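*Asks:* how would this look folded up:
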Amino acid sequence: MANQDAAFGLRPARSSTSANTQNRYRIAANYGTSIFQGDLVAMVTGGGIERVAAGGSGLILGVFNGCFYTDPTTGKPTFSNYYPASTNASDIMANVIDDPSATFEIQADDTFPVTDLAGNFDIVDATAGDTTSGQSRSELDVTTGAATATLPLKAIDISQDPENSDVAAANTNVIVKINNHLFSGGTAGLA
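*Replies:* Next comes the predicted model:
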C-alpha cells in the first residue's frame with residue numbers, strides 16, 4: 001500500500017526519560033529565516049536559536065515547537081506554531097524540545113532502505129513550511145545515509161503508523177534521534 005506523502009518535519013515519538021523536555025530559548029529580533037514547528041534548530045553564540053538548514057554540520061539543540069512574541073503591528077501577545085522571518089520584536093521566545101534522549105518521527109523523501117537503520121542522515125528542506133498551520137515540511141533525505149558523524153539524524157526504527165510504514169514504498173515515516181545534540185556528553189561548547 002502506498003504511503004501518504006505529507007511531510008511534517010520532526011514530531012515527538014518517544015523518550016527514554018518518558019518526557020520530551022521542552023524549554024524556552026530566545027530568537028533575535030529581525031532574524032531573517034522563518035522557523036516552523038518540527039524544524040531542527042541550533043543554539044548560536046549569544047544564546048539565541050536559529051533554524052538548521054539541510055547540509056548544516058553544527059550541533060543541534062532540538063526541534064522547534066512554536067513561539068511567543070508581541071506582534072509588532074498589533075502590539076498583542078501572540079503564540080504561533082512558526083516564527084515569521086524578520087519579526088521585529090524584542091521578546092521572541094521559542095519552545096524547543098531539547099531532550100537529547102528524545103526520539104522523533106519524520107517522513108522520508110523516497111523509499112527508505114531498511115538496511116540503513118542506525119545510519120545517519122541529513123534533512124531535505126527545499127519546500128517551505130506551511131504558514132497557515134505553522135508546520136514544517138522537512139523530510140529525511142534517504143540519499144545521505146552514511147556513517148558520517150556530523151549528519152544531524154540517526155535512523156533507529158520504522159514508524160508503526162499504518163499510513164506510512166510500508167518500507168517498499170516512498171515516504172516511509174522513520175523514527176530518529178538527533179545524532180549531534182548540543183547537550184550530549186563530550187561535545188564542544190559554543191564559547
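*Asks:* lowest-confidence helix or strand of the protein?
*Replies:* strand 11-15 (a mean of 83; mean pLDDT, DSSP states H and E).
*Asks:* partners of it in the sheet?
*Replies:* strand 102-107 (antiparallel) (DSSP bridges).
*Asks:* So what touches the partner strand?
*Replies:* 3, 5-15, 20-21, 62-63, 97, 123, 138-140, 153, 156, 159, 161, 164, 171-178 (C-beta atoms under 8 Å, 6 or more residues apart in numbering). Yep, even glycine has a C-beta here, placed from its N, CA and C like the rest.
*Asks:* can you check stretch 44-61 too?
*Replies:* Against stretch 44-61 from outside (C-beta under 8 Å, 6+ apart): 25-28, 31, 33-35, 39-43, 64, 94, 96, 98, 122-126, 138, 141, 150-152, 178-183, 187-188, 190-191.
*Asks:* hey, C-alpha coordinates of that stretch in PDB?
*Replies:* Provided in PDB are the C-alpha atoms of stretch 44-61 (Å, rounded to 0.1, in the frame of the first residue of the first chain):
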ATOM      1  CA  VAL A  44      24.100  30.300  18.500                       C
ATOM      2  CA  THR A  45      26.700  32.300  20.400                       C
ATOM      3  CA  GLY A  46      24.900  34.800  22.500                       C
ATOM      4  CA  GLY A  47      22.200  32.400  23.500                       C
ATOM      5  CA  GLY A  48      19.600  32.600  20.700                       C
ATOM      6  CA  ILE A  49      18.500  30.000  18.300                       C
ATOM      7  CA  GLU A  50      18.400  29.700  14.500                       C
ATOM      8  CA  ARG A  51      16.900  27.200  12.100                       C
ATOM      9  CA  VAL A  52      19.200  24.400  10.800                       C
ATOM     10  CA  ALA A  53      19.100  24.000   7.000                       C
ATOM     11  CA  ALA A  54      20.000  20.900   5.000                       C
ATOM     12  CA  GLY A  55      23.700  20.500   4.800                       C
ATOM     13  CA  GLY A  56      24.400  22.000   8.200                       C
ATOM     14  CA  SER A  57      27.100  20.300  10.300                       C
ATOM     15  CA  GLY A  58      26.900  22.000  13.600                       C
ATOM     16  CA  LEU A  59      25.500  20.800  16.900                       C
ATOM     17  CA  ILE A  60      21.700  20.600  17.100                       C
ATOM     18  CA  LEU A  61      19.800  22.000  20.100                       C
END
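*Asks:* Give me the mean pLDDT for it.
*Replies:* Stretch 44-61 shows a mean pLDDT of 91.
*Asks:* Now do it: distance to the chain's middle.
*Replies:* The chain centroid and the centroid of stretch 44-61 are separated by 11 Å, computed with C-alpha atoms, centre = their mean, to the nearest Å.
*Asks:* Could you identify the helix or strand that succeeds the least confident helix or strand of the chain?
*Replies:* strand 22-26 (DSSP states H and E).
*Asks:* And the strands in the chain, which stretches?
*Replies:* For the chain, applying DSSP state E gives strands covering 11-15, 22-26, 35-36, 40-43, 49-51, 62-70, 77-80, 82-83, 93-97, 102-107, 120-124, 139-146, 153-158, 173-178.
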